[in-house]
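Peer 1: Starting from these lines, generate the structure:
(one chain, ligands or ions: 1)
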Amino acid sequence: MYVHWHRRDLRVEDNRALSSSDPVLPVFVFDEEVLFHAAPPRVSFMLSALDSLRDEYRERGGNLLFLRGDPREEIPRIATRCDAECVVWNRDYSGLAKARDADVRDVLADAGIERRAYHDALLHTPGTITTNQGDYYSVYTYFWKKWRDREKDAPFDAPDEIVVPDEVAEDGIEIPTLADLGFEEPEGTIPPAGTEAARDLLSKFCERDAYRYDEARDYPAREATSRLSPHLKFGTVGIRDVWKTTERAKNDAGNEDEAESVEEFQGQLAWREFYAHVLDDDPSVVVENYKDYRYDIAWRDDPDGVQAWKDGETGYPIVDAGMRQLREEAWVHNRVRMIVASFLTKDLLVDWREGYDWYRRKLVDHDTANDNGGWQWAGSTGTDAQPYFRIFNPMTQGERFDSDAEYIKRFVPELSDVPPEKVHEWTELDPDEREDLAPEYPAPIVDHSERREMAITMFENARG
Ligand code: FAD
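Peer 2: Sure thing, here's the model as predicted:
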């Protein structure tokens, strides 16, 4: 028998470390150190995913053992108690996880217990998609071409036998509540978790939206993206399953455009792996700029502006809609994530790290590599980032990607009676007209053209 230590792989199917013909004891440890860095939306999603996972094990005649404490102590203790041959887990590539896993490995080695760590969360492990000289790519397009052409593994089978021996069953705890773990209820609605929810999203997406993804993905009101991000974050769906399902959709495409659209989606999966490579190459990107500027960037301190941004009260309709979607759904559409991140860094001139920190606390899908990659892209400090002089105009972005203001009005009800063309002219309107149209909605807190110039100067000064 071996012990499978679940972490960010909350599923039974297509789980590399779990796939075995030997009996397996599945374990999850509520680790205080990890919880310290977590936030209510993600813990809520995770608890519900764990609940489904336990049900899935029970349906297969087994169970899932929950423990609470330091995995450096809990994992070796349980493995010793049930006389396990081996402890297995899937690797997590964040700095914190790598350090913890190294410690657990050492304790198990000292106790004479075999241990194996597998690559599972990505189709191509960090460090395997490199230039011909063996360097990590800093440009996505080259990475993508190599990534796309590399052979992918097929999904893994579920284990044959799941066991929870009596001698350890009594050590398990009940699944805790959010309050037990010291968290408040999340502010918004958290999407359904668990493998079934993930499979549902994936199959519905591949039946229809995958074929219009290319033309519709940038329009937030059209809801044309997969919404798989929290599932990929917590591993409630296996990445090989996702790949196989999208390959099937590509083969079933009615024409070349549809096939290319599915491939565009696969390109997003490659962005996820690109950023995982970036983080693996240089873990300091979590706190440092990826790109070197000669001098420090003179970001501004603007607590009032940041508060208005967080509250969705900037007077820039698409920015406010995005920030309110974050509060209501703990998720934001990708195009709008880019717009609000650009607003914080290029209109408020506030350091991307402040935005990253807010996302980390509020997003259900917060993923260190992707979140950091997204923020550094928007802040012009990242790899393959938005050039500092190409600055999104939040008003034209809103007009282009939400022309009927449908998305904006969904989250900013103060504007619900304002004609779309006036919504998209909001910052240019006469104050009296604004007052007449939507007295509850704020005037713009900054002048975009002025801030655009200031942002360019700020970056040019940093370039020296
Ligand atoms: P889909 O369009 O259906 O894409 C499928 C999957 O591909 C996503 O679930 C995600 O895993 C991956 N993906 C898509 N776009 C990107 C991208 N640009 N970079 C990396 N992976 C991508 N994504 C996260 O998963 N977690 C984050 O914390 C996160 N923070 C972001 C912060 C900023 C400032 C920006 C600009 C982007 C961020 N993204 C993040 C990327 C992207 O916005 C989300 O992955 C996407 O909106 C999730 O919705 P979806 O699952 O419907 O995406």
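Peer 1: List the buried residues for the longest helix along the chain?
Peer 2: For the chain, the helix with the greatest residue count under DSSP state H is helix 256-281. Judged by neighbour count using 16 or more other CB atoms under 10 Å, the buried positions of helix 256-281 are 258-259, 261-263, 265-267, 269-281. The C-beta positions use only the backbone N, C-alpha and C, and glycine is treated the same way.
Peer 1: what about Glu406, distance to Glu440?
Peer 2: Using CB to CB, to the nearest Å, we find Glu406 at a distance of 20 Å from Glu440.
Peer 1: Who has more neighbours out of those two?
Peer 2: The residue with more neighbours, out of Glu406 and Glu440, is Glu406; 14 against 8, by other CB atoms under 10 Å.
Peer 1: ok, that one touching Glu223?
Peer 2: No. Contact criterion CB atoms under 8 Å: Glu406 and Glu223 do not qualify, at 10.5 Å.
Peer 1: Just the mean pLDDT for stretch 76-94, thanks.
Peer 2: Average pLDDT, stretch 76-94: 94.
Peer 1: Between the two ends of it, how far is it?
Peer 2: In stretch 76-94, first residue to last residue: 22 Å (CA to CA, to the nearest Å).
Peer 1: Could you pull out the buried residues of it?
Peer 2: 76-79, 82, 84, 86-94.
Peer 1: check whether that stretch contacts the ligand.
Peer 2: No. Under the criterion of CB under 6 Å from any ligand atom, the ligand is not reached by stretch 76-94; the shortest gap measures 12.2 Å.
Peer 1: and what of stretch 331-351?
Peer 2: Yes. Counting by CB under 6 Å from any ligand atom, contacts between stretch 331-351 and the ligand involve Asn334, Arg337, Met338, Ala341.
Peer 1: Quick check on these: which are buried?
Peer 2: Arg337, Met338, Ala341.
Peer 1: if I pick the first one, what's in contact with it?
Peer 2: By CB atoms under 8 Å, 6 or more residues apart in numbering, the contact set of Arg337 is Gly322, Gly374.
Peer 1: now the helices for the stretch 301-450 of the chain?
Peer 2: 303-311, 317-329, 334-342, 352-362, 368-378, 394-401, 406-411, 420-423, 431-437, 448-463 (DSSP state H, counting those that start in this stretch).
Peer 1: In terms of pLDDT, where does the residue nearest to Gly235 when sequence neighbours are not counted sit?
Peer 2: Of all residues not flanking Gly235 in the chain, Asp9 sits nearest, at 3.9 Å (CB to CB, 6 or more residues apart in numbering). What the model reports for Asp9 is a pLDDT of 98.
Peer 1: Next: Glu170.
Peer 2: Taking Glu170 on its own, its pLDDT is 84.
Peer 1: Counting neighbours, what do you get for it?
Peer 2: Per other CB under 10 Å, the neighbour tally for Glu170 reads 6.
Peer 1: again with Lys250
Peer 2: Lys250 has 19 nearby residues by other CB under 10 Å.
Peer 1: re earlier: so which of the buried residues of stretch 76-94 sit within strands?
Peer 2: The strands, defined by DSSP state E, take in Cys86, Val87, Val88, Trp89, Asn90 from the buried residues of stretch 76-94.
Peer 1: Which strand residues bridge the last one?
Peer 2: Going back to what we said before, that points to Asn90. Assessed by DSSP bridges, Asn90 has beta-bridge partners Tyr118.
Peer 1: Ala17 is in contact with that one, correct?
Peer 2: Yes. Taking contacts as CB under 8 Å, Asn90 lies within contact range of Ala17: 4.7 Å.
Peer 1: Show me what from the protein comes close to the ligand.
Peer 2: 217, 225-229, 232-233, 268-269, 271-272, 275, 334, 337-338, 341, 359, 363, 365-367, 370-371, 373-375, 378.
Peer 1: and if we set it to 5 Å?
Peer 2: 225-229, 232, 268, 271-272, 334, 337-338, 341, 365-367, 370-371, 374-375 (CB under 5 Å from any ligand atom).
Peer 1: In a markdown table: the ones in strands among the buried residues of stretch 76-94, plus distance to Glu167.
Peer 2: Putting those into a markdown table (distance: CB to CB, whole Å) gives the following:
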| residue | distance to Glu167 |
| --- | --- |
| Cys86 | 18 |
| Val87 | 16 |
| Val88 | 20 |
| Trp89 | 22 |
| Asn90 | 26 |
